[in-house]
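Participant: Sequence plus predicted model, see below.
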Amino acid sequence: MMGRDWRGPPMPNQFPLRVAVLGGVAVVAFAVIFLRLWYLEVLSGDEYLAQAQNNQVREFTVQAPRGKVVDRHGEVLVDNRTALELQVKETDLPRSRERRAQLFERLGEVAGLRPDQIRNKIRLEAKECAACPATLRRDVAYDTVYFLRENQARFPGVSVERVYVRRYPQGSLAAHLLGYAGEVDSTQLSDPRYEALEPGDQVGKEGVEYAYDSLLRGTNGESRVQVDAAGQPTGGQLSAREPTTGNDLVLTIDDAVQRAGEEAISSIGLPGGFVAMNINDGQLYGLGSSPGYDPSIFAKPRVPPAVYKQLTDEDLGAPLFDRATNGFYPAGSTFKPITALAALDSGEIDLNEIINDTGDFALGDGQVLHNAGDAVHGAIDLRQALKVSSDVFFYTLGARTNDPKSDDGGPIQEWARALGLGEPTGLDVGGEGAGRVPTPEQRNDAYAENTSPDSPCGKEICLDKGEVTDREWSLGDNVNLAIGQGDVQVDPLQMAVAYAALANGGDIVRPHVGLRVDDPQGRAIQEIDPAVRDHIEIDPAAQRTIMDGLHGAAMEPEGTSYPVFGGYPVDIAGKTGTAETAQGDQSWYIAVAPYDDPRYVVAVTIERGGFGADTAAPAAQRILDELLNVDQASIEQVDAGSAAVE
Amino acid sequence: MEAYRRPRTEAFERPRANLFERAGFGRLDPLLLFAGVALIAFSIYTLGVATSEDVPGNPYFYVVRQSIYAVVGIALMFAVSRIDYSRFRELRVGIYTAMIASILLVFLFAEATRGSHRWIELPFFTFQPSELGKVLLVVTLAAFVLDRARHGTEIRRTVRLLSLGLFPAALVFLQPDLGTALVYGVITLSVLFIAGIPWSHFAALVGGVAATILVVLVIAPAAGFPILAEYQQDRLTAFLHPSDDPADSSYQINQALIAVGSGGKTGRGDDATQTQNGFLPERHTDFIFAVVGERFGFVGAAFLLSLYALLIWRALRIMTLSKNLYGSMIAGGIAAMLMFQVFVNVGMNLGIMPITGIPLPLMSSGGSSVIVTFLALGLLQSIYVQAQLTSKRGSTPF
C-alpha cells in the first residue's frame, strides 16, 4: 500500500486525502472557534458586559451616624464621635491555614495583639454574625493606619474603618434610660423591624436607643467606586448616595432634675430609684436609678465579661439594674392614699368618720398589730390619719374592705389596679416589669404551688428555695395591704402614675421620655404626646381630703415629712413610706407639688433607707428643688421634734 | 542564488529586476507574508493599547520589545526563505542533537521562573530553547522519516519516529511545560500523518493519546498517583467548571470569558475595563486574544482569526505545492503546529479549552515565540520559493 517505497514518488499515494484531512481539521477547528466567538460576543454580549461592569464596581457602605439625644433644654445626652477601627473580614482572609497564621503573626505585631487573641475575636464575631467584620481594636494610631495602607497587599482582609461611636458627654447621667446601641446581631437581622439593616450596622439595644431606634438610626450611604482586580479604587466614583444622619430625639428629661435625683440617691450611698413626672401629660423630667454606670462601656464592640459581671454584681448594687422601672418593693405607707380612695369609694368609711387609734389593732386571731414606733394617735379622721400615717386607722380600713370570697380581692385591689399598679405603665422606652397587687387568688395559687408535692420541698415550705408563701389568703393580708406591706410589689414609676392620677383627678397618664423628634437640620418633625391610658372617676371631695392629708403630712407639725418639708417655700403634698423587706426597711417618698396647683409628682425609693423621712424624703426634696427652682437658702429649718413617725 | 544565474538573454524578455525582486522578495508567497506581518502589526498595536499601564513609567515596554522581536523575526524569515530547506535534511542529526542539548541546557542553567525551567537568560533577552525546538523538530523529524524509509517494518518505523518525536516532548514536559510538550506531540503526529504511516497506526496513536489523557487526568489521580502537579491538573480541568473558585485557575477563565463576552459586536474600545483594570490575567501573553475580544469585539476577533485562517491556508497550500515530500512534511508540521497553537490558545480564551500556557503565534508578547514563528514562516517561504523554481525547471527528485 502506501509508503512501500518511501523514495519512490515524492508524495505518498494518499497524499491528497491526507492534506484534505488536515484541511478538514483546520476548517472544523476554525468553525468551532467562530461559533463560540459568535455565541460569546454577539449572542451573550450584553450578559457579559453586565458582568464586566459588575466586576469593576465595588459598593462601599458609608455608615450613617445615629441622631443625637438631647434633654428638654437641648443639653446633649448622647452624640457621636468618630473612631478608627482595625477590622478583619473573615471572608477575605487567606484560606490556607499556614498563610492565615502568618498573617495573624504580622497583624499581631502591628496591632499589639497575640495571634490567638486575634483568632479568638474573629471566632466570637463569626458566632454572632458570620458576614460582619470583626473589630480587633478601636482608636488605632495613625501610624498603624498608614502602615497598613502602604502594605495592604500583605494584609488581605484587614482594614481600618472610620466608624461612629456613641459618646456620652454627661458621663453616667441617665444611663439606664438612654440604654445603648450596638452592632446588630443575627437574631435582629431576621426581624422584619430591622429589615433595612446590614451586618455591621449599629442598632439600639436598650432604653431610648432601642425604643426610638427607627428614628435615631440614619440611612447608610453607599458609594460605588471603580476598582481594579486587586480591589483598589482606580479613582473613578460612579455614584454615591450620601448617608442620612438619623433624627435627633429631644427628651422630656431635664438634665438638672435628672442629675439632682441621681446625685441625691448616690450621696446616700444606697441603691435606689426615682421618678419626676408631670402629673397631667406623663412627661418625665427625671427617671433614674443608682448606682449608675458609664454607658460608653456598651459603645465598645464587645463588653468584657468581667465588666459585665461587675455591672450585675449584687454586692456592688447591681448597677445595670434599673430601680425606677424594675425595682419592685412593697410601697409601705405611700400606699395609704390608695386604701383611702378604695374605702371611701366602697363606703366603708366617710370623709369625716373618726376612728380611735389606740395604737393597737387586733386581727381577731389573737394577733395584735401596732403603729410604727408604738405611737398612739387617738381619735382621728382620714385627713389626720394620712398626715400622721396612722397604721391602726388603715388596718381598720383594710379589715373592712377585705373580700376573701372574690378571687380578685376587694376595693383596695380594684383601686390599686385601676391606678395602674401591678402592671407596666406603658413607658415609651419599655423594659418595665409588672409588679404585683396581691389578691386571694394569687396568694392561694402561690400557696398551692409551694405546698404541691411537685415543688422542691414537697408539702413543706422551704423559704431558702424561694417558697415564701406559707399560708393561704387571710384577713391579715388585706390589713397588711392597706398600709402597703406584705405581698404588694410596685416600682417608683407605678407609684408616680398612681399619685399623678390622684392629683390630676383620675387621668392614668402614660409616662414617657420622648418629647419631640427633630430632623438633622433641627426642624421638628414629630411631637410625642401619648394619650392618657385611662380615666377613672375620683370623687372630688375624696381627692381634696386625701390631698389635704398629704399636704399636712409634709407641711404641718406632726406630719411625717414635716422635718424635711416644714419650712419649704413651696407648699407640697407628700407621703412617706417605710416598707419592711427581707433586706431591711425600704424608704419611700412620693410628693405632689405645688400643692395649690399640682404639676409634678416625684417618687423616690431607697433600698434599706430606713424611714421614709430619713432618706427618700430628703432626696425627693432635692429633686423638687430643681423642678420648682427652689433656692436652698429659702428653705426654713423647722423643729423636727413634733413629727410623727411611720 | 539560482535566480540570478539566469542567461543574460532573458533580460530582454523581462524588465530589469528592481531591488525588491533582486532581494528575492518577488518569489515569496505574498499572502503568507501579508498574514505574518499583519499579525505582528496587530499584536504590536494591541499591546500598545492594552499594556500601557502595566510597567510603571514605561508605557511602551511591551510594544518596544515586541517590535524588536518582530524586526529580528522578519529578518530571519527573509534569510531562511532564501535558503534551500533541503539542506537541513543533511544536518538532521546535528540539529536534532543540538535541540536536545539546548533543552537539557535549560535544566542546568535556567533560573526557575514561576516554578518552571524554561528560559535561558541571554544578555538581550531570555531565550526559550523549547520554542526553537518546535521548528527544529519539524525539520529533523521530517528528515528522519525519509532517512528511515528503507529500513525495517512499518511498525518499527512508526515506533522509531514516534520515539524521536516524543523524546524531546518528554523533556519539555519535565521542565515542566505541558503546553509546549503537547505542541511537540502534535508536530510528531502530523509529520507522521503526512509521511503516510498506515491509517491503523494513526488510529492507534490517536486512541493512545485519548487513553493517556484519560489516565493522566482521571484515573491516575483517582488512584492516588497524580502524574501532573496539582496546579497543572487544576488548570487543565478548570475550564469545565469556570465559576468554582473565583480566586484560582477558573478565575482566569472566568475573567477571560467576561472580557471576550463584554466586547460584543464591535468592542468596548477604551472602556475595556477587564483589561485596563487588571481583571484579565496574563493579558500580554496567554490571554491577549481576550484583550482583542474585549477591545475590538467580534469584528476585531474575527479579523484576527481570518489572518490565522489565511496563514494556515497558505501553509497547507504550500504543503501541496512543495517540490518534494520533505517540504510537504515540514509545511504540514508547521501548519499543524500553528493550527494547534491557535486553536488551543483561542479556545482557552473562549473557555472551551484548558489553560495550557500555549502562546498565540505572533500575537502573544515574547521573543522566542515570535522569532521562532517567523522562522517557521521563513521555512514555508523557502518551500514556496523552491517549488516555484523547480516548476520552472521541471520536477527534481532528490
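Facilitator: Perfect, I can see it now. Since this is a predicted model, take the numbers as computed values, not measurements.

Participant: At which residues are the strands of the stretch 301-450 of chain A located?
Facilitator: Applying DSSP state E, counting those that start in this stretch to the stretch 301-450 of chain A gives strands spanning A:355-357, A:360-362, A:368-370, A:378-380.

Participant: Of those, which is nearest chain B?
Facilitator: strand A:368-370 (81.6 Å; C-beta to the nearest C-beta). C-beta here means a position set from N, CA and C on the backbone, and glycine is covered the same way.

Participant: So which bits of that closest one are buried?
Facilitator: For strand A:368-370, burial by neighbour count (16 or more other C-beta atoms under 10 Å in any protein chain shown) applies to residue A:369.

Participant: ok, now stretch B:337-347?
Facilitator: B:337-347.

Participant: Considering only the residues you listed, which also neighbour chain A?
Facilitator: B:339, B:342-343, B:346-347 (C-beta under 8 Å from any C-beta of the partner chain).

Participant: Quick test: name the residue nearest the centre of chain A.
Facilitator: Geometric centre of chain A, nearest residue: residue A:207, 2.9 Å, by C-alpha atoms, centre = their mean.

Participant: hang on, isn't that one packed against residue A:177?
Facilitator: Yes: counting by C-beta atoms under 8 Å, residue A:177 is a contact partner of residue A:207 at 5.5 Å.

Participant: Find the residues that touch each one of those two.
Facilitator: Common neighbours of residue A:207 and residue A:177, using C-beta atoms under 8 Å, 6 or more residues apart in numbering or on different chains, are residue A:429.

Participant: Tell me who's in contact with residue A:298.
Facilitator: A:166, A:180-182, A:205-206.

Participant: In strands only, show me the residues you listed.
Facilitator: Counting by DSSP state E, the contacts of residue A:298 place A:166, A:181-182 in strands.

Participant: rewinding a little: what would the buried residues of stretch B:337-347 look like in a markdown table with pLDDT?
Facilitator: Shown next, in a markdown table, are the buried residues of stretch B:337-347 (pLDDT from 0 to 100):
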| residue | pLDDT |
| --- | --- |
| B:337 | 95 |
| B:338 | 96 |
| B:339 | 95 |
| B:340 | 95 |
| B:341 | 95 |
| B:342 | 96 |
| B:343 | 95 |
| B:344 | 93 |
| B:345 | 94 |
| B:346 | 95 |
| B:347 | 93 |
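
Participant: Just the buried ones from the ones in strands among the contacts of residue A:298, in PyMOL syntax?
Facilitator: Buried residues among these (16+ other C-beta under 10 Å), as a PyMOL selection:
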select buried, chain A and resi 166+181+182
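
Participant: Looking at the ones in strands among the contacts of residue A:298, which is nearest residue A:421?
Facilitator: residue A:181 (32.4 Å; C-beta to C-beta).

Participant: you'd agree the closest one is up against residue A:166?
Facilitator: Yes: if you go by C-beta under 8 Å, residue A:181 and residue A:166 touch, sitting 5.8 Å apart.

Participant: in the stretch 201-350 of chain B, what residue is nearest chain A?
Facilitator: Residue of the stretch 201-350 of chain B nearest chain A, by C-beta to the nearest C-beta: residue B:261 (2.4 Å).

Participant: Which residue, neighbours along the chain excluded, lies closest to that residue?
Facilitator: residue A:48 (2.4 Å; C-beta to C-beta, 6 or more residues apart in numbering or on different chains).

Participant: May I ask which helix or strand encompasses residue A:83?
Facilitator: strand A:76-88 (DSSP states H and E).

Participant: Report the rounded mean pLDDT for that strand.
Facilitator: In this model, strand A:76-88 carries a mean pLDDT of 89.
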